[in-house]
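J.: I would like to see how this sequence folds:
(one chain, ligands or ions: 1)
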Amino acid sequence: MTPTSATTGDPLDVERIKKDFPILERRVRGKRLVYLDSANTSQKPRAVLDAIDSYYERSNANVHRGTYLIAEEATAALEGARTKVAGFVGARSEREVVFTKNATEALNLVAKAWGRANLRAGDPVVITELEHHANIVPWHQLVDEVGIELRWIPVGADGHLDLTDLDRLLDGARVLSFAAMSNVLGTMTPVERLVAAAHDAGAIAVVDASQHVPHVPTDVAAWGADFAAFTGHKMCGPTGIGVLWGTETILDATPPFLTGGEMILNVTKEGFTANELPWKFEAGTPPIAEAVGLGAAVDYLDGLGMAAVREHEVALTGYALRSLAERFGDDLRVHGPAEPAERGGVLSFTYRDVHPHDLTQVFDERGVCVRAGHHCAKPLMRELGVAATARASLYVYNDEADVDALGDAIGAASDFFSF
Ligand SMILES: Cc1ncc(COP(=O)(O)O)c(C=O)c1O
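T.: Numbering: from 1, shown residues only. Predicted structure coming up:
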């Protein structure tokens, strides 16, 4: 019998949730689609697809400049989505919510706009070894352009940040920028402690919340950070939209990033006056339909309840860690914290000496979608001593049957490579 939320006591009714996602009805290679790559991008529920369709079918027009009804509707749809996002992450006002293309653009905005205006040669910027390239490369550029000093908080053997030398690393620092949850190890970092330590040292705190917001109740105001970045497509929303949240104080102190239309109050031959928050950072026609889709995604996740989402993922991650360990023992090495409550549902693993790409190719024949590679975290992979891992990642529409399908796929790969 396929386990369901009714039989497992799961706080989410996953059987019902699966029906909300049309793509999960697909068969691939003659098999049920088992989607285990949500840390990469999530699937989209019908409600999000319908909201985007309905926007284009009924209200499509450009925003903030219309003098007719559907343009007013489009503007209301965009700004309504901003209000929903603000509420979802605990922002104090919509002025703190800047729409970007994705989390990468949001983090580039921080490094390039705030960083270039505020950092000088020799200024220390602290990041961690578990960062995604999106929170590394923009800082590397400032090393080259400005001469900042990049410092790294190490990751310990248990998959957690090693904070032994935190005070020394933060001494004189101007920025501490770190992920709230690792996209490779699932590690949850102690956000409030790190933010407080950054502020005590006189640094600003930037949180890459890309893997946190989709999976864990998030309250940016309670974090007390200065900036937080996340991305719509990992939280049931469409691609093409991300968010930079920032306090009004720091956003006011940050010059515009991209410039042109929409982000101005006035332009003369002599210069320009930037628009008010948050539009000061939204140059050009914004991703209107994408914002509408993100608003619908927020409604969808709110409907499930983020506390229930987190509870579901902790339970399912625990099941995955237990059942895969029982089945494969030491042949399967899952990286990251051992305790489900200290991690997200991201399972990076290696199986004996099979290359992760070979593993996932066998998985694909069974309809099981798992990512293989460096997961845009090459410095971390080097610390782990591996070139690549296979990474299965769980979300609201996954259940124990999906984890069992992963186990069967690993078993099939093991047979194929004749262990
Ligand atoms: C932790 C983390 N930060 C940033 C990103 C970048 O997200 P995007 O590609 O949507 O900009 C990702 C995506 O994998 C991520 O996992």
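
J.: which SS class is the residue nearest in space to the middle of the chain?
T.: The centre of the chain sits closest to residue 210, judged by Cα atoms, centre = their mean, with a distance of 1.9 Å. With DSSP: H, G, I helix; E, B strand; the rest coil as the basis, residue 210 sits in coil.

J.: how about it: what's its closest non-neighbour residue?
T.: Nearest residue to residue 210 in three dimensions, chain neighbours excluded: residue 103, at 4.4 Å (Cβ to Cβ, 6 or more residues apart in numbering). C-beta here means a position set from N, CA and C on the backbone, and glycine is covered the same way.

J.: quick one, what contacts that neighbour?
T.: Each residue near residue 103 by Cβ atoms under 8 Å, 6 or more residues apart in numbering is listed here: 134, 208, 210, 229, 230, 231, 242, 243.

J.: and if we set it to 10 Å?
T.: Going by Cβ atoms under 10 Å, 6 or more residues apart in numbering, residue 103 touches 132, 134-135, 208-211, 213, 228-234, 242-244.

J.: for it, give its distance to the ligand.
T.: 4 Å (Cβ to the nearest ligand atom, to the nearest Å).

J.: the ligand contacts on the stretch 151-300 of the chain?
T.: The stretch 151-300 of the chain has residues 179, 183, 208, 210, 211, 231, 233, 242 near the ligand, with proximity defined as Cβ under 6 Å from any ligand atom.

J.: filter those residues down to the buried ones and hand me the ChimeraX line.
T.: The buried residues among these can be selected in ChimeraX (16 or more other Cβ atoms under 10 Å) with this line:
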select :179,183,208,210,211,231,233,242
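
J.: check the residues of the stretch 151-300 of the chain next to the ligand and tell me the two furthest apart.
T.: Longest distance between any two of these is 17.0 Å, between 179 and 233; criterion Cβ to Cβ.

J.: give the residue farthest from the middle of this structure.
T.: Outermost residue of the chain (Cα atoms, centre = their mean): residue 269, 41.1 Å.

J.: now that residue: phi and psi?
T.: phi -60, psi -20 (degrees, to the nearest 10).

J.: heads up, I number from 21, so please use that
T.: Got it, first residue is 21 now, which makes that one residue 289.

J.: state the distance from it to the ligand.
T.: 37 Å.

J.: also residue 75?
T.: Residue 75 is 21 Å from the ligand, by Cβ to the nearest ligand atom.

J.: what is the burial count for that residue?
T.: Residue 75: 23 surrounding residues under other Cβ atoms under 10 Å.

J.: do the same with residue 57
T.: Neighbours of residue 57 using other Cβ under 10 Å come to 19.

J.: surely it meets residue 417?
T.: No: look at residue 57 against residue 417 with Cβ atoms under 10 Å: they stay out of range, at 11.9 Å.

J.: which neighbours do those two share?
T.: Contact criterion Cβ under 10 Å, 6+ apart; residues shared by residue 57 and residue 417: residue 63.

J.: roughly how far apart are residue 36 and residue 323?
T.: According to Cβ to Cβ, to the nearest Å, residue 36 stands 11 Å off from residue 323.

J.: ok, now which ones touch the residue nearest to the centre of the chain?
T.: Counted by Cβ under 10 Å, 6+ apart, residue 230 has contacts 59, 122-124, 126-127, 152, 154-155, 199-201, 203, 248-251, 253-255, 262-263.

J.: same deal with residue 53?
T.: Applying Cβ under 10 Å, 6+ apart, the residues near residue 53 are 41, 43, 44, 45, 46, 47, 63, 387, 388, 389, 422.

J.: re earlier: got the residues of the stretch 171-320 of the chain next to the ligand as JSON lines, with pLDDT and distance to residue 374 columns?
T.: Output for these, formatted as JSON lines (pLDDT from 0 to 100; distance: Cβ to Cβ, whole Å):
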{"residue": "199", "pLDDT": "98", "distance to residue 374": "28"}
{"residue": "203", "pLDDT": "98", "distance to residue 374": "22"}
{"residue": "228", "pLDDT": "98", "distance to residue 374": "31"}
{"residue": "230", "pLDDT": "98", "distance to residue 374": "29"}
{"residue": "231", "pLDDT": "98", "distance to residue 374": "26"}
{"residue": "251", "pLDDT": "98", "distance to residue 374": "31"}
{"residue": "253", "pLDDT": "98", "distance to residue 374": "30"}
{"residue": "262", "pLDDT": "98", "distance to residue 374": "35"}
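
J.: and the residues of the stretch 171-320 of the chain next to the ligand, which is closest to residue 302?
T.: Among those, residue 262 lies closest to residue 302 (Cβ to Cβ), at 11.9 Å.

J.: pairing partners for that closest one in the sheet, please.
T.: residue 120, residue 251 (DSSP bridges).
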